[in-house]
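Peer 1: I'd like to go over a predicted model; first the sequence, then the structure.
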Amino acid sequence: MAVNLVEKHENELRHIDGIQIYIGQAGVKKPDHDDLTLMVLSPNNTVGAVFTQNRFCAAPVYIAKSHLFDEDGVRALVINTGNANAGTGGQGRADAVEVCAAAAKHAGCQTTQVLPFSTGVILEPLPSEKIIAALPRVKPASWADAARAIMTTDTVPKAASREGKVGENHVVRATGIAKGSGMIHPNMATMLGFIACDAKVSQPVLQLMTKEIADMSFNCITVDGDTSTNDSFVIIATGKCGQSEIDNTADPRYEQLKTLLGGLALELAQAIVRDGEGATKFITIKVENAADRDEARKVAYAVAHSPLVKTAFFASDPNLGRLLAAIGYAGIDDLDTDRLKMWLDDVLVAELGGRAESYTEEQGQAVMNRDEITVRIDLQRGKAAAAVYTCDLSHDYVSINADYRS
């Protein structure tokens, strides 16, 4: 069951001018199931995207990277669930291109103006013929429909909207959807994320913003430490809000838009953790006063990835030694453990190299019984900070992944 996450309905999600959404049933893995999404973009939009760092990247990732910077711009996105088209070699890439060609006919554009995305089982051939046959039958749909259609092991559709002032005279609207539940790890994970806004941004500037937003959102989550072959995060700017183009990072509107879209991306990223496979707790790891941000992230990830830490959270067991051990092996050779302090929520639990004098087991147990917990670690080495979001590791995680292909 997802941790404090509820489905957003159609009336809660803002329409974005310049995008038409369609969904359909291709029967990629099972029949009578919405598993195909097509987004058709109006001319003169811009698209930024970042992809998995896994060297065994999937065929659609390979093709999407090659199509992203087409001189005529991106005009469509096609997304299938049920099959990742990963570990499929040259045939997989050819299948992805065939799907792009079929989507291009529907969108009225060139094959190279389509970005393909797939998610599902790895190392199985993509039934591209099913997708191609289904594309002429797709029907107009909403953002809420699309959020459901891209789900795999997710239990709750992930979608959100925001709007905010960008510049003196314009309000920018943004809506996003995401999927992901397992194989979630920094540098993207088995997740797909799509955000659309009506701002006008040049492609090079939007590409930089997309990378920066990914680093402050989707690259700050971890469920199980596995990095997927298919991760993709896309931001679309349709330019329909009526403002002049943001074409450089010195434009004050750049930071305003990044803040707006970054907040939306973080909400979607946290939703993925809240719906982590088998998750019963949502955990924030905050590291403060590190020498630099990389050091802060290193410590946060060490704690967030530890199976012993995650199982302690699942058991609601205030086994503080597991957290301190993870900090200790994070790779900071000159860490002074006597200066470090650690809190569970607002309870000081460790200082001066051991258990805080004021700490009691009852205090720790009270915090561990909660379904949302913050671990705060003060390294007292500098002024840098970082936060990572994770969940516990339960019996259900094993069951879900053991049964994934059945």
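Peer 2: Cool, got the structure.

Peer 1: quick one: low-confidence parts of the stretch 51-200 of the chain?
Peer 2: For the stretch 51-200 of the chain, applying pLDDT under 70 flags the ranges 181-190.

Peer 1: and the helices in the stretch 101-250 of the chain?
Peer 2: 128-134, 143-149, 203-215 (DSSP state H, counting those that start in this stretch).

Peer 1: mind listing what's buried along the first one?
Peer 2: Neighbour counts over helix 128-134 (16 or more other CB atoms under 10 Å) mark 128, 130, 131, 132, 134 as buried. Any C-beta I mention is one placed from the backbone N, CA and C, and that applies to glycine too.

Peer 1: how about these in JSON lines, adding distance to residue 9?
Peer 2: Converted to JSON lines, the buried residues of helix 128-134 look like this (distance: CB to CB, whole Å):
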{"residue": "128", "distance to residue 9": "33"}
{"residue": "130", "distance to residue 9": "30"}
{"residue": "131", "distance to residue 9": "28"}
{"residue": "132", "distance to residue 9": "32"}
{"residue": "134", "distance to residue 9": "26"}
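
Peer 1: name the nearest of those residues relative to residue 54.
Peer 2: Checking these against residue 54 with CB to CB, the nearest one is residue 128 at 22.1 Å.

Peer 1: list the contacts of that closest one.
Peer 2: Residue 128 is in contact with 95, 96, 98, 99, counting by CB atoms under 8 Å, 6 or more residues apart in numbering.

Peer 1: apart from its neighbours in sequence, what residue is nearest residue 176?
Peer 2: When the adjacent residues along the chain are set aside, residue 176 lies closest to residue 195, with 3.7 Å between them (CB to CB, 6 or more residues apart in numbering).

Peer 1: leaving out chain neighbours, which residue sits closest to residue 87?
Peer 2: Distances taken as CB to CB, 6+ apart put residue 123 closest to residue 87, at 4.0 Å, once the chain neighbours are dropped.

Peer 1: again but with residue 332, I slipped
Peer 2: With sequence-adjacent residues excluded and distances taken as CB to CB, 6+ apart, residue 332 is closest to residue 295, at 6.3 Å.

Peer 1: ok, longest helix in this protein?
Peer 2: When the chain is scanned for its longest helix (criterion: DSSP state H), the result is helix 252-274.

Peer 1: can you state the direction angle for that one and helix 203-215?
Peer 2: Using axes from the mean of the first three to the mean of the last three CA atoms, to 10 degrees, one finds that helix 252-274 and helix 203-215 are set 40 degrees apart in direction.

Peer 1: helix 252-274: which residues count as buried?
Peer 2: Applying a neighbour-count criterion of 16+ other CB under 10 Å, the buried positions in helix 252-274 are 253-254, 256-258, 260-274.

Peer 1: how about the residue nearest to residue 216 when sequence neighbours are not counted, what does it touch?
Peer 2: Taking CB to CB, 6+ apart, and ignoring the residues beside it in sequence, residue 216 has residue 262 as its nearest neighbour in space, at 5.4 Å. Residue 262 makes contact with 212, 213, 216, 217 under the criterion CB under 8 Å, 6+ apart.

Peer 1: thanks a lot, catch you later.
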